[in-house]
Structures are given as C-alpha cells and as structure tokens.
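> sequence first, predicted coordinates after that:
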Amino acid sequence: MTKKIAVLPGDGIGQEITEGTVDILHTFSSLFDRSMTFEYGLIGGHAIDETGDPLPEATVTLCQSSDAVLLGAVGGPKWDRNPSHLRPEKGLLGIRKALGLFANLRPVKAIPALLSSSTLKEEVVRDVDLLIVRELTGGLYFGEPSERRQVAGEDAVVDTLFYTRSEIERILRKGFELAQIRKKRVVSVDKANVLESSKLWREIAEEIAGDYPDVTLEHMLVDNAAMQLIRTPAQFDVVVTENLFGDILSDEASMLTGSLGMLPSASLSETGPGLFEPVHGSAPDIAGRNEANPMAMILSAAMMVRVSFGWEKEATLLEEAVFQTLKAGVCTKDIAAATNRAPVGTSDVIAEIKRQLQELAET
Ligand code: NAD
Ligand code: IPM
Ligand code: MN
C-alpha cells in the first residue's frame, strides 16, 4: 500500500537535508518496490514569510491526513526578534501538540567508523547504546502562564512547569515498554530534590514499576545524569525524562556519536502519524553552503519506514548504507576528523549513500 509522507523542510539546513533525504527515499522506493508519495507543507520561518503563521492550518491538515511526517528543522536569525507567537519554533511546538506527539525517541548508538570522531576517548564511547525517551508535549514548553510581567516596578517573568498524572504516567510506561525490548534497564531522570513536578514523576515511576517486573528502575537527578552521560555513557539503556531535561541531555549525548549531525529522532502519539526529524536545528552558521551532515535526517527517515510503515528489513539496509558510507570515508566536515579523507559536501554524501543502498539491494 502507498504511504503518504508529509514533508516539512522548514528553514536553514532543513531545506538541504530534506531535499537529499527525499531523493534517497525515491531510490529506496524503486529499489525495494515500496510505494511512497511526498506532499510538501510549510512550517517555521518560511511559513511565517509566506503566510504570517509559523504553522498554517493547511500544514496541520496535511500532517493529519498522512501516514508519517518528515521534518527538517526550523528557526534562524531572521526571525529571532519576532514576538513569541511569531517565532518559527512555535510552529514546531504546535505540530507536536496538534498531533499529540508525547513520546520523543532519541537513540544514541556508537558507530564503529566514528569512534575516533567523538571528543571523548574511544573506550568511553565504544559500547554506547542508549535511548532517550523525552516527554514532548508538556512541561515548561507548554505550561501557562508563560509571560513577562511588571512586579514592583520592574520586569519579571514566569514560565510554568505543569504536568498531569496521566501525562507523566504515559511517558514513563513508554520508557518501560521500550526497555522491555532492549536491555531492560530504565533510568528515570528528574530533579526530585527540588521540583514538585519531579516528586510526582518519581512517585508514579515507583508505582508503575511493578507492572514491568523484568525491568530495573533507577532514579537519577538530572545534574548527576548530565555528568554520568560523559563519565560512563555505556551504563545507560533507556533514559526517560521530562521535556526540557530531555532536550538538553540529548544534545549532550549526541557528542557520544561524534556529531549532532548524526542523531535521529521519532516523535510518536497514541494513535495517528508519527513525526521524524533530526535532533539538531537549522544550523544557520552553515546553511546554504552544502556543508550540512544529512545523516541524522536520513537515519530519521529509516526510523520512519521501520516504526510507521513496518519495513524493518529495508530500514536496516538504509541505515547500513549510511554506515557503509562512513566506512568508505565519505562524510561532511563535522565528522571528517574520524576519517583520513577530506570532507565532502552534503550532495556528495547523498550520492554515496544512494550508491551504497543500490549495492546493498543487489546483494
Ligand atoms: P543547531 O542544532 O542548529 O546547531 C548547533 C551547532 O551544530 C552549529 O554549530 C551547527 O552548525 C552544528 N550542526 C547542527 N546540525 C548539523 C548538521 N546536520 N551538520 C553539521 N553541523 C551541524 O542549534 P542552534 O545553533 O542552537 O540553533 C539554530 C536554530 O535552530 C535556532 O533557531 C533554534 O531554535 C533552531 N533549532 C531547531 C530545531 C528543530 O527544528 N528541531 C532543533 C534545535 C534548534
Ligand atoms: C529540539 C529543539 C526544539 C526543542 C526547539 C527548536 C523548540 O531544540 O527539537 O530539540 O527544544 O524541542
Ligand atoms: Mn533541542
């Protein structure tokens, strides 16, 4: 059956990496006889420029009527001074909320060809295979009030960290369920020594742990977790945490693989289409220069065809094409240190991944 994909390139390098990823998906489609259609939508800064809205209604409708959403990245200096409701990031938060994408899965796995590309020692990162399960539709990102005020004649601000029991419970359950099909260890990251939200989080984790007797549960304070991720990252299996903690820890964890440009993600709801996007942003510093690493987005596309379409074997081959490309020493500047080659452009990496995929499909 044909799968309909909503493609939202967004801004900055989002444009370049999306073009390359869709190009590869066309090759994928014909090599494996898997039918996909691609329909484009506006989001972020480009949507603001064209429609005055970071998330036009037409984009929401397109995503809701698709089997999956593939997103590049949003944001850039052009819109940084806009009022809050007219920022590109509001478009991203809006589509996550509109699709109910409460579970953000960010896998971080050592890649043999890239071990020397991490800023950490090889022996520290060699056995890394962890999954950050980040709550994505609650917490500080969505709590009300969130505003500036005047208090006693001076500027003041408030952001709100709000969660309901059911929001916390469903993301923790997701973490336990994923641990059951992995290494059966959950580390729940919180700040229960200070925050009320974390105290409830920890209570619920304790309450439901009994439903997953094969999984061990450990609690870790977020500051310690940030340190442990660098000290002994291989200790982690599933890390489940609230929205902002998960955002920060996943950028940190990306360096275990050598580059932020390598980290994919899947954002899932209870039912309905999932959204797949790289963990990184629109990288304005390198946008439009054919320098962006497209691998995080291609690996996100691999997660899409596996998780949303169930094309397990083909997803693995797509991932393998990325790893073979790295093995052949073909990579962008961000990871070139790991190879003995000069870095190549985004389009060269795309071409090599396509070639590798063709070779893998023939064998
Ligand atoms: P960023 O992730 O865009 O970039 C951080 C650093 O990593 C930069 O030096 C960049 O060049 C590098 N980098 C990121 N992706 C790369 C890739 N694929 N290949 C090579 N290098 C890469 O974060 P930032 O600079 O803090 O934010 C820039 C903009 O992106 C902001 O507007 C921010 O809000 C937005 N952003 C969007 C998303 C998203 O759309 N999901 C995520 C993060 C940040
Ligand atoms: C991410 C990004 C977003 C987030 C921003 C752009 C709103 O950093 O996807 O990790 O904080 O969730
Ligand atoms: Mn982030």
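Yes, it's here. Residues are numbered from 1 along each chain as shown. Ligands and ions are numbered 1, 2, ... in the order given.
> how close does S84 get to T160?
For S84, the distance to T160 (CB to CB, to the nearest Å) stands at 14 Å. No exception for glycine: its C-beta is placed from N, CA and C like everyone else's.
> among those two, which residue is more densely surrounded?
Higher neighbour count among S84 and T160: T160, with 13 against 10, using other CB atoms under 10 Å.
> check contacts around the residue nearest to that one when sequence neighbours are not counted.
Nearest in space to T160, with sequence neighbours left out and distances taken as CB to CB, 6 or more residues apart in numbering, is G143 at 3.1 Å. Applying CB atoms under 8 Å, 6 or more residues apart in numbering, we find G143 in contact with 159-162.
> which of these fall in strands?
Among these, the residues falling in strands (DSSP state E) are 159-160.
> could you list the low-pLDDT ranges of the stretch 101-250 of the chain?
Along the stretch 101-250 of the chain, no part satisfies pLDDT under 70.
> next secondary structure element downstream of whatever helix or strand V305 lives in?
Using DSSP states H and E, V305 sits within helix 295-307. Counting by DSSP H and E, the next helix or strand C-terminal to helix 295-307 is helix 312-327.
> helices or strands up against that next one?
helix 13-32, helix 295-307, helix 346-362 (3 or more CB pairs under 8 Å, 6 or more residues apart in numbering; DSSP states H and E).
> before we move on, back to that, dihedrals phi and psi, the residue nearest to T160?
Main-chain torsions, G143, degrees, to the nearest 10: phi -70, psi 140.
> from ligand 2, how far off is it?
G143 sits 14 Å away from ligand 2, going by CB to the nearest ligand atom, to the nearest Å.
> dump the helices and strands packed on helix 312-327 to CSV, plus mean neighbour count and distance to ligand 1.
Shown next, in CSV, are the helices and strands packed on helix 312-327 (neighbours: other CB atoms under 10 Å; distance: least, CB to the nearest ligand atom, whole Å):
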stretch, mean neighbour count, distance to ligand 1
helix 13-32, 21, 6
helix 295-307, 25, 6
helix 346-362, 18, 8
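> now the ones you listed in a markdown table, with distance to R106 and mean pLDDT?
Converted to a markdown table, the helices and strands packed on helix 312-327 look like this (distance: least, CB to CB, whole Å; pLDDT from 0 to 100):
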| stretch | distance to R106 | mean pLDDT |
| --- | --- | --- |
| helix 13-32 | 17 | 98 |
| helix 295-307 | 10 | 98 |
| helix 346-362 | 21 | 98 |
